[in-house]
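Enquirer: Sequence first, then the predicted structure:
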Amino acid sequence: DAKTTQPPSMDCAEGRAANLPCNHSTISGNEYVYWYRQIHSQGPQYIIHGLKNNETNEMASLIITEDRKSSTLILPHATLRDTAVYYCIVRALNFGNEKLTFGTGTRLTIIP
Amino acid sequence: DTEVTQTPKHLVMGMTNKKSLKCEQHMGHRAMYWYKQKAKKPPELMFVYSYEKLSINESVPSRFSPECPNSSLLNLHLHALQPEDSALYLCASSQDLGSSYNSPLHFGNGTRLTVT
């Protein structure tokens, strides 16, 4: 699996959009970009994933650059409950190589 | 709330004990996973089961023994653990492996294990 690089920590004011960057410059053509978050004392929670098109769901938006070497997770109106560690993961989906390998993530703190 | 249920939530065991961690899902998923997470570290993959057969073993010591009795249940049997095995053990499931439909993993909230 390709490796990802994320800033170790970020702050965001409550009510503002939180933009979390991720670099994955060695991503392969068959690898998807996944985002998970982990709130203290809970299991990781799936947020969103994409291959090359931008994606949006009820939780967040995912913007992937045209060359697919980086992406940004956007939480449009951050709340205190969004404080968590956010993991950007690239994952191949060819049979036998479906591992979800976590990097060190970004610790996002939402400031009241 | 999570759709993957892990029991117990907390477990304290001695180095000579034998215990088991249990995981259950009723989403019809055919792939199930065990991860281990040390404090302030990301989760690390241990095992993957696909259609009740062991698919991936990440060179985990034999004192950890997984079992998948049916498609809804996943166990992790523990024997002769060391204090450094103390961690949060996370179970996850996904629709299946190797599908063109890319299936996210759904995680439980884990069992916090302390080995004394």
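Expert: Done, it's in. Given the structure is predicted, the values throughout are model-derived calculations rather than measurements. Numbering: from 1, shown residues only, chains lettered A, B, ... in the order given.
Enquirer: rest of the way, CA atoms for contacts and neighbours
Expert: OK.
Enquirer: ok, which stretches of the chain are strands?
Expert: Because you didn't say which chain, this covers chain A. A:9-13, A:18-23, A:31-38, A:45-50, A:55-56, A:61-64, A:70-75, A:84-92, A:106-111 (DSSP state E).
Enquirer: Can you look at chain B instead?
Expert: Counting by DSSP E, the strands of chain B are B:4-7, B:10-13, B:18-25, B:31-37, B:44-50, B:53-57, B:64-70, B:73-79, B:87-94, B:106-107, B:111-115.
Enquirer: Nearest residue to the middle of chain B?
Expert: In chain B, the residue lying closest to the centroid (Cα atoms, centre = their mean) is B:Trp34, at 2.8 Å.
Enquirer: Deepest-packed of the strands of chain B, please.
Expert: Among the strands of chain B, strand B:87-94 has the highest mean neighbour count (mean count of other Cα atoms under 10 Å in any protein chain shown), at a mean of 26.
Enquirer: So which other helices or strands are in contact with that strand?
Expert: Here strand B:87-94 touches strand B:4-7, strand B:31-37, strand B:106-107, strand B:111-115, going by 3 or more Cα pairs under 8 Å, 6 or more residues apart in numbering or on different chains; DSSP states H and E.
Enquirer: Let me have these in CSV, extended by distance to B:Leu74.
Expert: Formatted as CSV, the helices and strands packed on strand B:87-94 follow (distance: least, Cα to Cα, whole Å):
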stretch, distance to B:Leu74
strand B:4-7, 9
strand B:31-37, 7
strand B:106-107, 13
strand B:111-115, 13
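Enquirer: who wins for proximity to A:Gly15 among the ones you listed?
Expert: Closest to A:Gly15 of the helices and strands packed on strand B:87-94, according to Cα to Cα: strand B:106-107, at 27.7 Å.
Enquirer: The closest one and chain A in contact?
Expert: Yes - counting by Cα under 8 Å from any Cα of the partner chain, chain A is contacted by strand B:106-107 at B:106-107.
Enquirer: roughly how far is that strand from the heart of the chain?
Expert: 11 Å (Cα atoms, centre = their mean, to the nearest Å).
Enquirer: Make JSON lines out of the strands of chain B and add distance to A:Tyr46 and mean pLDDT.
Expert: As requested, the strands of chain B are exported to JSON lines (distance: least, Cα to Cα, whole Å; pLDDT from 0 to 100):
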{"stretch": "strand B:4-7", "distance to A:Tyr46": "13", "mean pLDDT": "98"}
{"stretch": "strand B:10-13", "distance to A:Tyr46": "23", "mean pLDDT": "96"}
{"stretch": "strand B:18-25", "distance to A:Tyr46": "16", "mean pLDDT": "98"}
{"stretch": "strand B:31-37", "distance to A:Tyr46": "15", "mean pLDDT": "95"}
{"stretch": "strand B:44-50", "distance to A:Tyr46": "16", "mean pLDDT": "93"}
{"stretch": "strand B:53-57", "distance to A:Tyr46": "22", "mean pLDDT": "92"}
{"stretch": "strand B:64-70", "distance to A:Tyr46": "23", "mean pLDDT": "97"}
{"stretch": "strand B:73-79", "distance to A:Tyr46": "20", "mean pLDDT": "97"}
{"stretch": "strand B:87-94", "distance to A:Tyr46": "11", "mean pLDDT": "96"}
{"stretch": "strand B:106-107", "distance to A:Tyr46": "7", "mean pLDDT": "95"}
{"stretch": "strand B:111-115", "distance to A:Tyr46": "19", "mean pLDDT": "97"}
